[in-house]
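# Here's my sequence, what's the structure:
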Amino acid sequence: SSSNITKIDDHFLQGCSTINELDLTPLANVKTIGNYFLNDCTALATINFNVLSNLTSIGGYFLSGCTTLPASLSFSNLNKVTKIGERFLQNCTTLTSVDLSGFVNVTEIGYYFLRGCTSLLNIDMSNMISLGKVDEGFL
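Numbering: from 1, shown residues only. You can find the predicted model right below:
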């Protein structure tokens with residue numbers, strides 16, 4: 001079940017190199033996530049972000065350096081997000097497909113959003129109709 005937590009500050013699980021599966025269901029009411037949420041969680045292979053449907057703001061380095069993510073990630077249910085910080089998925093080298101279609105209200109994306117995602121083949125940005133600013137180094 002979800003909790004009453006609405007904000008997660010910086011460095012939540014940064015560098016937790018032994019976590020391979022993470023259930024975000026208890027964080028369903030979170031609206032704001034700070035920087036370095038899961039940065040450098042190098043064993044993380046199973047995660048579902050679509051339970052974070054109340055999320056409005058994502059800090060920098062969200063999944064940067066997560067080198068064992070599944071080939072496909074979906075953010076299709078995150079339609080309340082308006083801002084995404086820098087280096088969102090930087091160096092996620094196993095990622096081949098990412099669904100960003102839920103980011104219909106995102107107006108701003110930070111720099112180096114998908115930089116270093118060397119296996120990336122498909123990006124679905126089809127519904128990102130509010131996007132007004134994309135900082136340098138998107139890919």
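
# Low-confidence stretches in this protein?
Within the chain, the ranges that satisfy pLDDT under 70 run 1-2.

# hey, where'd the strands end up in the chain?
Under the criterion DSSP state E, strands of the chain are mapped to 7-8, 21-22, 32-33, 46-47, 57-58, 72-74, 83-84, 97-99, 108-109, 122-124, 133-134.

# roughly how far out does the second one sit from the chain middle?
Right, strand 21-22. With CA atoms, centre = their mean, to the nearest Å as the basis, strand 21-22 stands 14 Å off its chain's centre.

# what lines up beside that strand in the sheet?
Sheet pairing for strand 21-22, assigned by DSSP bridges, gives strand 46-47 (parallel).

# Near the closest residue to Phe49 other than its chain neighbours, how many residues? Count them for me, please.
Leaving aside its chain neighbours, Phe49 sits nearest to Phe75 (5.5 Å; criterion: CB to CB, 6 or more residues apart in numbering). Any C-beta I mention is one placed from the backbone N, CA and C, and that applies to glycine too. Residues near Phe75, counting by other CB atoms under 10 Å, number 23.

# Against Gly15, how distant is Phe75?
Separation of Phe75 from Gly15 (CB to CB, to the nearest Å) stands at 23 Å.

# swap in Gly65?
Gly65 sits 9 Å away from Gly15 when distances are taken as CB to CB.

# Between those two, which has more neighbouring residues?
The neighbour count for Gly65 versus Gly15, taken as other CB under 10 Å, is higher for Gly65 (21 against 12).
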